[in-house]
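Peer 1: The sequence and its predicted three-dimensional model are supplied below.
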There are 2 protein chains.
Amino acid sequence: MEINLKKIHSPADIKGLSLDQLYTLSGELRAALMRKLAAHGGHVGPNLGVVEATVALHYVFDAPKDKIVFDVSHQSYVHKMLTSRIEAFLDPARYDEVTGFTCPGESEYDLFEVGHTSTSIALATGLAKARDLEGGKENVVAFIGDASLGGGMALEALNYAPELKSNLIVILNDNQMSIAENHGELYTHLAELRKSNGTCENNIFKALGYEYIYVEAGNDLRALIQAYKAAKDQDRAVLVHINTMKGMGLPCAEAHKETFHFSAPFDLKTGAFTHPMSGESYDDIFAQTMLKRVREDKKVVMMNAGTPGAIGWDEEARKAAGSQYVDVGIAEQDCVTMAAGLAKGGAKPVMGVVSTFVQRAYDQLSHDVAINNLPVTVVEFYASMFGMNDITHLGFFDIAMISNIPNIRMLAPASAEEYTAMLARALDAPEGPVVIRTPGGRVVHQDTPVNMDFTRYDVVEQGADVAIIAEGPFLAIAREAAAMMRDKGVTPTVINPRILSQVDAQCLDSLKDYRLVITVEDGIVDGGFGQKVATYLGNAPVKVTCLGLKKEFVDRFNVKELMEANGLTPQQIADLA
Amino acid sequence: MEINLKKIHSPADIKGLSLDQLYTLSGELRAALMRKLAAHGGHVGPNLGVVEATVALHYVFDAPKDKIVFDVSHQSYVHKMLTSRIEAFLDPARYDEVTGFTCPGESEYDLFEVGHTSTSIALATGLAKARDLEGGKENVVAFIGDASLGGGMALEALNYAPELKSNLIVILNDNQMSIAENHGELYTHLAELRKSNGTCENNIFKALGYEYIYVEAGNDLRALIQAYKAAKDQDRAVLVHINTMKGMGLPCAEAHKETFHFSAPFDLKTGAFTHPMSGESYDDIFAQTMLKRVREDKKVVMMNAGTPGAIGWDEEARKAAGSQYVDVGIAEQDCVTMAAGLAKGGAKPVMGVVSTFVQRAYDQLSHDVAINNLPVTVVEFYASMFGMNDITHLGFFDIAMISNIPNIRMLAPASAEEYTAMLARALDAPEGPVVIRTPGGRVVHQDTPVNMDFTRYDVVEQGADVAIIAEGPFLAIAREAAAMMRDKGVTPTVINPRILSQVDAQCLDSLKDYRLVITVEDGIVDGGFGQKVATYLGNAPVKVTCLGLKKEFVDRFNVKELMEANGLTPQQIADLA
């Protein structure tokens, strides 16, 4: 018997199905999901692995009265299919109607915008506490992956939640993977729990006061429904540990779990990418540069927190780096502070990190690295409007956050040559903490020598009267603007600031009698380098205009539109002169 | 037999002592420590509790070759006494020669400036990894309290460390207390471990791959030495769980553990404070305001992360608030994100937090609270240069950090009336996240009505030509400066900005043709509200001077000197006009 997926408007539509029908439903959901994922791209493995776990969730619990919080929420596609958004998974023309994460604006079944890991138990604890104060009886469920559980806040919340002594259900979706492999002894312990069918000694969840339920067949509806029913309506904290298969049902995703964690469009039969990437990329340049360094110097340690692919470190590179490669799992705090320890111990740690995640380690950057003034090098990726565009993954708030921490030199290269020179400088002449923003967008080359004094701005084009100081990918855009200005008789000075955490007073002094200084940055204006320039020149006659993004959260933006809205196109910049 | 403490210059001086002599030594160290603590103040309970644990540490291990990292390092006084700094504990004239935390500038035995919790295992992991890359054999020891273990990064590192599969020793100093009581089920588990002499089921440390050693008599040298010797030189991760008594040997500290966690000078016999605090304080105003709110509205939840005393919430207030009071332990991340969950669930969470610790939850403020635009109220304490002055506890970096996160309204009251009005507004008309900076310094009152539109600056004195926009405690200082200006014929406009996360365009537009605008903030200039003003006015004729602190880490500063060094005295401000 077939199920007409188009008729699934809400979880109520599956409550009356028989177990057989639920199995059929799961199969159809998986098939539809695969079609969309192959055509559209997305989080392949995480969603294919939880089809049954999600069907069972909405079969047993009564959302939206019962509250379900998905950790990261990259695995919420099936949830979306079951909660009034099925068309966005069936009709290719409507694929983009839903975001890739839970989104309260889309549906009352989605409670939070979420995209970072390890938040679900804390959020659930808050929901549970609010319920208890009101005397409510609904279930509160946190659905969290094994990788996310290793993040600090997940562990803090795992510790605190049972103290509420009221209903709170943690579903631990154990697919035995992070984006790449898991790290930390917790995962050895989870393996022992799986091996022993949940009965091994020293159960960490029991130690923390949870009722513990193990489901070996985490992709089997019958087992899941039984376990969820046992967890439902209890007046205590229950943890349901389900053993699922990441990428289930799609051979390429089952076989290549890291590649198909998140994927661009691909061929369903072969697993080959529909539009393979080609050409130079900064993450390749980074990986190659660092791998060479690792080979030449045993003190160099390449570090990251669970996202090796995003920083160009594929399996081969990791293997080649051997013990000089460290992945601590999704634990940015631990990674940064371990780097502080490494630096103190005489090693040369370099941490690659996605911009939106570096904010998870602000205290570690400040208290452990910066106060101690240790030579830790942090290389950011996607710290740019030419990067990720989900509201939870925006990478352009980092200048305000990092450049205002004392002792940290924040550098913004504008070319591949400057990028590798900055990396080399940080490793060869370590003076303290350095944060390097990997440029967003296409790789730019410069044919002039790199000025190695990174405390100084670089005058790229000497003009008069008007100056444009533009960092990172905006240097090239500023030069386009400069050309347009010249067409109307203004010859601007174009400056590459390179360092964002301090001003080059000597350079700025030379601009005091200019008519106009324009700063342009690949980030929000607030708290950025342009405001330092405006402040430094506040008592000079010159007028200063700071360009960059407005301080706001934007979701799935179009880069061109965003640039226009913020006056960042070459023409708009040229029009200021 | 007596030990001459003055002759203890390094750990080498205790290696040859007999066990009896070590007992004598410990007694004398404790007696000297009590004398200093009573006369000088400091972390009383934590240090008295670890006299024996520290003597044994330096007896068994070979620092500085063996590396010892103290978590928080507020319990490192005895360590300092044994490592070349004994005079600073014996001679009252030299009491201030040492800081209250480990300090590499003081001694090679101190590895890091540390003052925040939960960092030691990650730092030790870095030291251990650096050692392993060099082929070294020294021991690496993290000495961490039970309260610190509940912090996210400590748990991340606890998870990761055994993966190194090399020497790393965690000494868990279990004194059964946080600053106040502990929270979270980990502490129920630790109690079970203590009760069972370390033999209970579901040992969380064994689950994470540690060799586990329990020491019931954690204040007994013989037992400690035996356990440390067993842990020494092993090629794996070992956790030594020692059961100690906070405040041991000092009756008032044993009896009143929270009061004597950190104490001002007191009478050794009675425990009475030598200089009792008197007069109004903002933390009292906060506690009273919130307690009233809690009583009136069961949706109001008063939250904090392990530092109730620092925000005015004593035991009595906590008891009175009952289930509307939440302390999650030293877990700021969990606290902020639980607050997001509470707000989503319809409750009204208010988190009180010390400024230097709020930076431990940047991602939570941004990703969980701000993106979701949830009505969470965060009230900061010591967000001021008139606050804590240890390098690890500086509270004046928060404006740069918080005010540049979209959706958060950051408010800076200048009087008690404005402070309570802002709190009332956040609770009565919740619109989204609000962060309120409790003013530093003495309580100020205003006799004019509070303007309740907190998106607008408040013109306090209308003048012409020169304007001073001064936030928080600097409003009063600005008014002093204004009086001095008037004496020389300038009548400045004095403005209280109240909101730091956005400018009041209408107000600033009225200043465009002034000669000079001076901004003054109780924080660093970089990334602060003054730079927003300078940027907004960058294209206007008016000159702008931004005053505030230089972006640097300063240690145990004198407020007056710091103000002078940064041009912040009334006279210096007046001289600008």
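Peer 2: Here it is on my side, so go on. Residues are numbered from 1 along each chain as shown, chains lettered A, B, ... in the order given.

Peer 1: which non-adjacent residue is nearest A:G271?
Peer 2: A:C252 (2.8 Å; C-beta to C-beta, 6 or more residues apart in numbering or on different chains). Yep, even glycine has a C-beta here, placed from its N, CA and C like the rest.

Peer 1: That neighbour: what secondary structure?
Peer 2: At A:C252 the chain is in helix, as set by DSSP: H, G, I helix; E, B strand; the rest coil.

Peer 1: A:L516 contacts A:C546, correct?
Peer 2: No: using C-beta atoms under 8 Å, A:L516 is not in contact with A:C546; the gap is 11.7 Å.

Peer 1: Which one's more surrounded, those two?
Peer 2: A:C546 (25 against 19; other C-beta atoms under 10 Å in any protein chain shown).

Peer 1: count of neighbours near the residue nearest to the more buried one when sequence neighbours are not counted?
Peer 2: Ranked by C-beta to C-beta, 6+ apart and with sequence neighbours excluded, the top spatial neighbour of A:C546 is A:G530, at 3.4 Å. A:G530: 31 surrounding residues under other C-beta under 10 Å.

Peer 1: List the contacts of A:G530.
Peer 2: Applying C-beta atoms under 8 Å, 6 or more residues apart in numbering or on different chains, we find A:G530 in contact with A:I469, A:T519, A:V520, A:E521, A:V544, A:C546, A:L547, A:G548, B:T535.

Peer 1: so it is in which element?
Peer 2: Element membership for A:G530, per DSSP states H and E: helix A:529-536.

Peer 1: What is the helix or strand that contains A:I477 packed up against?
Peer 2: Element membership of A:I477, judged by DSSP H and E, is helix A:474-487. Identification of packing neighbours for helix A:474-487 by 3 or more C-beta pairs under 8 Å, 6 or more residues apart in numbering or on different chains; DSSP states H and E yields strand A:458-461, strand A:466-470, strand A:493-496, strand A:516-524, helix A:570-575.

Peer 1: Pick the most buried one from these.
Peer 2: Neighbour counts (mean count of other C-beta atoms under 10 Å in any protein chain shown) averaged over each of the helices and strands packed on helix A:474-487 peak at strand A:466-470, with a mean of 29.

Peer 1: A:G523 contacts A:I402, doesn't it?
Peer 2: No: A:G523 is beyond contact range of A:I402, at 10.3 Å (criterion: C-beta under 8 Å).

Peer 1: what's the distance between the closest residue to A:I68 other than its chain neighbours and chain B?
Peer 2: Nearest non-adjacent residue to A:I68, counting by C-beta to C-beta, 6+ apart: A:V141, 4.7 Å away. Using C-beta to the nearest C-beta, to the nearest Å, A:V141 is found at 12 Å from chain B.

Peer 1: which residues does A:V141 bridge with?
Peer 2: A:I68, A:I169 (DSSP bridges).

Peer 1: And A:V326, by the same measure?
Peer 2: Counting by DSSP bridges, A:V326 is bridged to A:M303.

Peer 1: count of residues packed around whichever residue of the stretch 1-150 of chain A sits closest to chain B?
Peer 2: Per C-beta to the nearest C-beta, A:G126 is where the stretch 1-150 of chain A lies closest to chain B, at 2.0 Å. Counted with other C-beta under 10 Å, residues neighbouring A:G126 total 33.

Peer 1: Next, it: phi, psi?
Peer 2: phi -60, psi -40 (degrees, to the nearest 10).

Peer 1: Quick check: closest non-adjacent residue to it.
Peer 2: Closest to A:G126 by C-beta to C-beta, 6+ apart is B:G341, at 2.0 Å.

Peer 1: I'd like the contacts of A:G530 laid out as a markdown table, including pLDDT and distance to B:I330.
Peer 2: Below are the contacts of A:G530 laid out as a markdown table (pLDDT from 0 to 100; distance: C-beta to C-beta, whole Å):
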| residue | pLDDT | distance to B:I330 |
| --- | --- | --- |
| A:I469 | 98 | 43 |
| A:T519 | 98 | 40 |
| A:V520 | 98 | 42 |
| A:E521 | 98 | 36 |
| A:V544 | 98 | 43 |
| A:C546 | 98 | 39 |
| A:L547 | 98 | 42 |
| A:G548 | 98 | 36 |
| B:T535 | 98 | 37 |
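
Peer 1: between these, which is closest to B:P276?
Peer 2: Distances from B:P276 to the contacts of A:G530, taken as C-beta to C-beta, are shortest for B:T535 (46.8 Å).

Peer 1: The closest one and A:V544 touch, don't they?
Peer 2: Yes: contact between B:T535 and A:V544 holds when scored by C-beta under 8 Å: they sit 7.4 Å apart.

Peer 1: Neighbour count for those two, which is higher?
Peer 2: Neighbours per residue (other C-beta under 10 Å) separate B:T535 from A:V544, with A:V544 holding more: 28 against 25.

Peer 1: how about the more buried one, secondary structure?
Peer 2: Put simply, A:V544 is strand when judged by three-state DSSP.

Peer 1: again, but for A:M277
Peer 2: coil.

Peer 1: burial count for the nearest residue to it once chain neighbours are set aside?
Peer 2: The shortest distance from A:M277 to any non-neighbouring residue, by C-beta to C-beta, 6+ apart, is to A:A264 (7.9 Å). Counted with other C-beta under 10 Å, the neighbours of A:A264 add up to 12.

Peer 1: In contact with A:A264, which residues are there?
Peer 2: A:G41, A:F273, A:T274, A:H275, A:M277 are the contacts of A:A264 under C-beta under 8 Å, 6+ apart.

Peer 1: For chain A, list the residue farthest from the centre, please.
Peer 2: Using C-alpha atoms, centre = their mean, the residue of chain A lying farthest from its centre is A:G489. It sits 44.5 Å away.

Peer 1: ok, now how distant is that residue from B:A400?
Peer 2: According to C-beta to C-beta, to the nearest Å, A:G489 stands 40 Å off from B:A400.

Peer 1: A:D297 touches A:K348, doesn't it?
Peer 2: Yes: in this structure A:D297 lies within contact range of A:K348 using C-beta under 8 Å: 6.9 Å.

Peer 1: any residues in contact with both of the two?
Peer 2: Joint contacts of A:D297 and A:K348 (C-beta under 8 Å, 6+ apart) are A:L427.

Peer 1: ok, these two, which is more surrounded?
Peer 2: Using other C-beta under 10 Å as the criterion, A:D297 and A:K348 rank with A:K348 on top: 25 against 14.

Peer 1: Understood, closing this out.
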